[in-house]
Every structure is written in structure tokens, then in C-alpha cells.
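K.L.:
below is the sequence, then the predicted model.
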Amino acid sequence: AQKVTQAQTEISVVEKEDVTLDCVYETRDTTYYLFWYKQPPSGELVFLIRRNSFDEQNEISGRYSWNFQKSTSSFNFTITASQVVDSAVYFCALSLYNQGGKLIFGQGTELSVKP
Amino acid sequence: EAQVTQNPRYLITVTGKKLTVTCSQNMNHEYMSWYRQDPGLGLRQIYYSMNVEVTDKGDVPEGYKVSRKEKRNFPLILESPSPNQTSLYFCASRSAGVTYNEQFFGPGTRLTVL
């Protein structure tokens, strides 16, 4: 069975701190995709990144970076120098190649960045 | 503008009163799906559709129906809503290209069943 676990339910940091959101996934498939979505207080889902299982290169986009490690089945997300606008719920999700794009979401991590 | 729209955005109803949440996309996507979001559970897929007249159950289909008569529309039907269907609902779509494509989500529909 496929599963995504985000063990951190809530994280609170002070502005400018770095913060890492953990994501651990389970699948026996060799071809899969991993995603991160942001859900700000307004409620919409904002796509942040997609990674396929054959690409273990880490990625950096501005203050955001992602660390994909197949050996530990983890796809962690780090925000550097956090800002109040980063306050949101963040979801990690898994999709399998042969399941038509179905997304399996983690429980979400609520990040609160205080000024 | 490429988008997925949902209506209504907010709905309060009573137990047993049939309702429909509409979903429409303007990107000619083949694949559409519905998810519900509940605290501590993340989002879970209710139903999905690979194309017109092709639908299938997701992980939590009980109490819901869908139809896909046109490519752009994928309504979610609650024939007899119950309080445990109080949730935030998202519609999503993506194209069925050779390479994997991003899913586009609608803005969400917050449903309360009293």
C-alpha cells in the first residue's frame, strides 16, 4: 500500500529562522512522483514542486529547497530565512505512474511563522 | 486564463437534502478528480475520471456520485448528505500527456451538513 507521512502536525518558528518539513513515503513502485503543495489561510492549494523517482537531485528555488533521498524514502522541504507569508499548511503527496495521477497526500504540516 | 472552477464555494445544508457541487475546467484536460480535506487526514480522493463517460471510485466514495458527460465538467453529487460529509472539497484536473503533468486544483468548496 502507498502512504505518505508528515509526522510534524504543527511547527512554530520566529521569522528568519530556517525550518524543515519532513515527508516520508511508502511505495513498492519504482516509478512515482512526489509533490509539495502549500495551502495558505485563504484555502487554495498552491503547487510548489514535483519530483520523479528517477531524479534525486536536490532542488533550490529562492528560499525553498527540497531534499529527495530514495534510500530513506524521504522528500523533505526546507524554508530558509522564513517569513510571515510562509505561514500555511504544507502537504506532501505521492503519485504512482500507473494510477492515472491520483495523489496520495500526507496529513499536512501547519507552519506558523511569527514576527 | 487556465483554471478549474467550483460552485458553490460555501454551502450549508441539512441532512438528506440532495446537492450538487459543480466543477469545470477550461484546459481540455482528460483527467479529473474530487478530493475531500479533513483535519489530520490530509486530502483523500473520492472519485476520478480518466475521460468522458469513464469514472471510478477513489479511496472514500461512499455517499457520493459523479458523472462525466462532457470533458470540461465533473459534478459531485451528494444524494443524501450526512454530517460526516462536512468537509472541504477540491476538484482537480490534469492532462493525460506522455510526461507527467501538474494537477490543477479548484479553489475549494466548504460544505457544512447540519
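P.N.:
Arrived safely.
K.L.:
which residues of chain B lie near chain A?
P.N.:
B:31, B:33, B:35, B:40-45, B:48, B:50, B:58, B:88, B:90, B:92, B:94, B:96, B:100, B:102-103, B:105, B:107-108, B:110 (C-beta under 8 Å from any C-beta of the partner chain). In this view, the C-beta of every residue, glycine as well, is placed from N, C-alpha and C.
K.L.:
just the buried subset of those residues, written out for PyMOL, thanks.
P.N.:
Listed next is the PyMOL selection for buried residues among the residues of chain B next to chain A, using 16 or more other C-beta atoms under 10 Å in any protein chain shown:
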select buried, chain B and resi 31+33+35+42+43+44+45+48+50+58+88+90+92+94+100+103+105+107+108
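K.L.:
now, the residues of chain B next to chain A that are in strands?
P.N.:
B:31, B:33, B:35, B:42-45, B:48, B:50, B:88, B:90, B:92, B:94, B:105, B:110 (DSSP state E).
K.L.:
can you name the two of those residues that are farthest apart?
P.N.:
With C-beta to C-beta as the measure, no two of those lie farther apart than B:Met50 and B:Arg110, at 27.6 Å.
K.L.:
which residue, other than its chain neighbours, is closest to A:Ser87?
P.N.:
Counting by C-beta to C-beta, 6 or more residues apart in numbering or on different chains, A:Val113 is the residue found nearest to A:Ser87 once chain neighbours are left out, at 4.9 Å.
K.L.:
thinking the one you found is in contact with A:Lys16, fair?
P.N.:
No. Using C-beta atoms under 8 Å, A:Val113 and A:Lys16 do not qualify as a contacting pair, with a distance of 9.0 Å.
K.L.:
so who does the most centrally placed residue in chain B touch?
P.N.:
In chain B, the C-alpha closest to the average C-alpha coordinate belongs to B:Trp34, at a distance of 2.9 Å (C-alpha atoms, centre = their mean). For B:Trp34, the set of contacting residues under the criterion of C-beta atoms under 8 Å, 6 or more residues apart in numbering or on different chains consists of B:23, B:45-48, B:58, B:64, B:66, B:74, B:76, B:89-92.
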